[in-house]
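Participant: Based on what follows, work out the 3D shape:
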Amino acid sequence: MIDVLRAGPLTTVQDLGRPGYAHLGVPHAGALDRPALRLANRLVGNPDGAAGLEVTAGGCALRLAAAGTVALTGAWAPLSVGGRPAGYGLPVPVPAGAVVTVGRAGYGVRSYLAIAGGIAVEPVLGSRSTDTLSGLGPPPLRDGDSLPLGTAGEPSTVDFVPWLPPPAALPLRITLGPRADWFTPDALKALLGTAYTVSPVSNRVGARLSGATLTRAVAEELPSEGVVLGAVQVPANGQPLIFLADHPTTGGYPVIGVIDDVTPLAQAVPGTTVSFHGSER
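Facilitator: Here you go, the predicted structure:
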């Protein structure tokens, strides 16, 4: 078992999500930075899809009842075991009863803590992921919670991974449509020709951006239609919103385009510059 001593501002259980249920109104969910979770699992000898902890910005503190191994990836943050500094991006042995502390992220937003054996909470629709929009899966961690662990596998043969800080500017490839024709030519030029910044009110549902207003050419109401991961929806204020893992499966605002890969946004701190590059469908 793991005892949660300090949950931090938002620590959730995440695996690779629950794809294939959008027709039932169920979001994909899962880790926002999937490569980071896969890497953390590999470092402790878990399968790629094992559940770990997504630790957002402020860190957390846990106590392992039995001896084990942990690894921290994603956003760089100080890690300590039993009060002693431990390494980032490598397997770290943890004695029975020791406290594992993840500090405040120094670079990026979301760190991933994998524990050998994986978090073994009951799966919902094939996934152990916390979905902050629908409420499926385990709730976000709270102080005093206990989490079960699975059985550890063979030790990892990987003992170190390189790390680069997230960039201050993110170029994102976008494919325009399906509702790009609902916007003026000037709006499309602004989208592809000016920079936006990531807003502090972004979350696991979507990355809200601030920048040039995208003016609509069609003023009528749009019936709700399906939306996908990476869809760039434009609400009434004209500021684009990029849907992330916990996004709704339908939306009533026009989608001006779809991002090819939203992974870089998982580590985009507020104020990060975002630019769009792409073409029409």
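Participant: so what's the backbone phi/psi at residue 263?
Facilitator: Note on residue 263: backbone dihedrals following degrees, to the nearest 10 are phi -50, psi -40.
Participant: count of residues packed around it?
Facilitator: 16 (other C-beta atoms under 10 Å). Yep, even glycine has a C-beta here, placed from its N, CA and C like the rest.
Participant: for residue 123, same thing?
Facilitator: Residues near residue 123, counting by other C-beta under 10 Å, number 14.
Participant: do the one 5 residues further on as well
Facilitator: Burial of residue 128 is recorded as 25 neighbouring residues (other C-beta under 10 Å).
Participant: my read: it touches residue 16, true?
Facilitator: No. Counting by C-beta atoms under 8 Å, residue 128 does not reach residue 16; the two are 9.9 Å apart.
Participant: Quick check: neighbours shared by the two?
Facilitator: Residues touching both residue 128 and residue 16 (C-beta atoms under 8 Å, 6 or more residues apart in numbering): none.
Participant: what's residue 202 in contact with, if anything?
Facilitator: Residue 202 neighbours (C-beta under 8 Å, 6+ apart): 208, 268, 270.
Participant: Torsion angles phi and psi at it?
Facilitator: Phi and psi for residue 202, reported as degrees, to the nearest 10, are phi -70, psi 150.
Participant: Read off the pLDDT value for it.
Facilitator: Residue-level confidence at residue 202 comes out at 97, pLDDT.
Participant: For the residue nearest the centre of the chain, give its distance to residue 48.
Facilitator: Centroid check for the chain by C-alpha atoms, centre = their mean gives residue 32 as the closest residue, at 2.1 Å. Here the distance between residue 32 and residue 48 works out to 16 Å (C-beta to C-beta, to the nearest Å).
Participant: How is this protein divided into domains?
Facilitator: Annotated domains of the chain cover 2-147, 169-280 [automatic domain parsing].
Participant: burial of residue 239, as a residue count?
Facilitator: Counted with other C-beta under 10 Å, the neighbours of residue 239 add up to 16.
Participant: likewise residue 120?
Facilitator: 16.
Participant: for it, what are its contacts?
Facilitator: Neighbours of residue 120 in contact, by C-beta under 8 Å, 6+ apart: 51, 128, 147-150.
Participant: repeat for residue 46
Facilitator: Going by C-beta under 8 Å, 6+ apart, residue 46 touches 52, 114, 116-118, 153.
Participant: Surely it is in a helix?
Facilitator: No. With DSSP: H, G, I helix; E, B strand; the rest coil as the criterion, residue 46 is coil rather than part of a helix.
Participant: Identify the residues contacting residue 207.
Facilitator: 198-199, 241-242, 244, 262, 265, 268, 274.
Participant: mind listing the strands for the stretch 101-250 of the chain?
Facilitator: Secondary structure of the stretch 101-250 of the chain (DSSP state E, counting those that start in this stretch): strands located at 107-115, 146-147, 169-176, 196-198, 206-210, 225-226, 231-233, 241-243, 250-251.
Participant: Note down every partner strand of the fourth one and its orientation.
Facilitator: Strand partners for strand 196-198, identified by DSSP bridges, are recorded as strand 206-210 (antiparallel), strand 273-280 (antiparallel).
Participant: cool, and the second one?
Facilitator: In the sheet containing strand 146-147, the strands it pairs with under DSSP bridges are strand 2-6 (antiparallel).
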